[in-house]
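*Asks:* build me a model from this:
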Amino acid sequence: MMVVRARLLSRLAHIGQKDKSGAPYYTHPARVAEIVSRRYAYNDARQVNIEVASAYLHDTLEDTWVKPWLLRLLFPKVVVQTVQDLTRGKGEERNVYLARVKKNPWAVPVKFADMEDNTAPERLALLPYETRQRLLAKYGQSRRFLRQA
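*Replies:* Sure thing, here's the model as predicted:
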């Protein structure tokens, strides 16, 4: 039920929003959740549910009306913390944000899935050249940072 609640809240929270290419924004968290669910081999249903729920919710605090108190009412503490760790604060330096993500083992797979979707060739092809180059550079640096020991 946790994943269903996360999917529904994500869809509701992102109603009316569009991504950089003009597509409905709610499709992005759905794709990130799909990447997480199929990419990682899970031996533990709890682990997959936490990461998939977090994937659906990963942009809600940053980009919607959803507040942490609402997440705390609906989801386990680990999901709320993971979503908070995946939320970059206004003016927060990218390396500070990524260091926080890196410390949370639930957040790292979600962030990698997010970056994969954001740099998918079919999505990048819809964007202006300068935007594509900026995103590829930004996410390339982020991937390297998160992979460092």
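*Asks:* pLDDT of stretch 27-43, averaged?
*Replies:* The average pLDDT for stretch 27-43 rounds to 86.
*Asks:* and the spatially most central residue of the chain, what is it in contact with?
*Replies:* The residue lying closest to the centre of the chain (CA atoms, centre = their mean) is H58, at 3.8 Å. Going by CB atoms under 8 Å, 6 or more residues apart in numbering, H58 touches 29, 32, 83, 86-87, 110-111, 114. Where C-beta positions appear, they are placed from N, C-alpha and C, glycine not excepted.
*Asks:* which members of the residues you listed are the farthest-apart pair?
*Replies:* V32 and T87 (14.0 Å; CB to CB).
*Asks:* ok, the two, which is more surrounded?
*Replies:* Per other CB atoms under 10 Å, whichever of V32 and T87 has more neighbours is V32, with 28 against 20.
*Asks:* and the longest helix for this protein?
*Replies:* If you go by DSSP state H, the chain has its longest helix at helix 129-147.
*Asks:* what is that helix packed up against?
*Replies:* Using 3 or more CB pairs under 8 Å, 6 or more residues apart in numbering; DSSP states H and E as the contact test, the elements touching helix 129-147 are helix 94-103, helix 107-118, helix 121-124.
*Asks:* quick one: which of those helices is nearest Q141?
*Replies:* Using CB to CB, the nearest of the helices and strands packed on helix 129-147 to Q141 is helix 94-103, at 7.8 Å.
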